[in-house]
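S.K.: My questions are about this predicted structure, shown below with the sequence.
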Amino acid sequence: MIFWKIFVAFFIPGIIGYGGGPASIPLVENEVVDRFHWMNVTEFSEMLAMANALPGPIATKMAGFIGYQQGGYLGTFVGVFATVAPSLILMILLLSLLYKFKDSPRVKTMTNLIRPAIAILLGIMAWQFFRNSYEAAGLFQTLGLIAVSLLLLEKVKLHPAFVILGSLIYGAIFLG
């Protein structure tokens, strides 16, 4: 039964997470935290931070980690397969149809209408992460990390992976 739950937890975000990994993060969070209660918001945000620090697609890294946590190696396989299965199925079955309508004004309009919903979901998730960080580390530490990260990303133009790695090291030393 756990493998079916792992499959569902990652297949559904794979189907409705239009826009790739970042769009599916709030959907995966809903499944993992709210529906199946495998993690709380803090654990999910920590797992997401670690997944962002590693190379590769975020959705498959989340599926692999959570799948392993819940069902071992087979759980990892099920989670990763469930993440890529919707795209794989659509590519195989609907490639000719998608190619036929790729320049359709209706398809472009639909894509433009979905983007604000994705932005709102990401904003809600960012607010939850900020609130959890504020509760766990305090306002000074949270705002300090945000300010330093923004400075390093925008002014110094440091690669995001180094900013994430630096934040992880800071958290391990001063907040762990």
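M.R.: Cool, the structure landed. Residues are numbered from 1 along each chain as shown.

S.K.: Next secondary structure after the longest helix along the chain?
M.R.: The helix spanning the most residues in the chain, taking DSSP state H as the definition, is helix 58-101. The C-terminal neighbour of helix 58-101 among helices and strands, as given by DSSP states H and E, is helix 105-137.

S.K.: in that next one, what's buried?
M.R.: For helix 105-137, the neighbour count (16 or more other CB atoms under 10 Å) marks 118, 121, 125, 128-129, 132-133, 137 as buried. Using the backbone N, CA and C atoms, a C-beta is placed for each residue, glycine as well.

S.K.: now the angle between helix 105-137 and the longest helix of the chain, please.
M.R.: Computed with axes from the mean of the first three to the mean of the last three CA atoms, to 10 degrees, the direction of helix 58-101 lies at 170 degrees from that of helix 105-137.

S.K.: and helix 58-101, how far out from the chain's middle?
M.R.: Average the C-alpha atoms of helix 58-101, do the same for its chain, and the two points are 14 Å apart (CA atoms, centre = their mean, to the nearest Å).

S.K.: Okay, and the residue positioned nearest the centre of the chain sits in which element?
M.R.: For the chain, the residue sitting closest to the mean C-alpha position, by CA atoms, centre = their mean, is Ile25 at 2.9 Å. If you go by DSSP H and E, Ile25 is part of helix 21-29.
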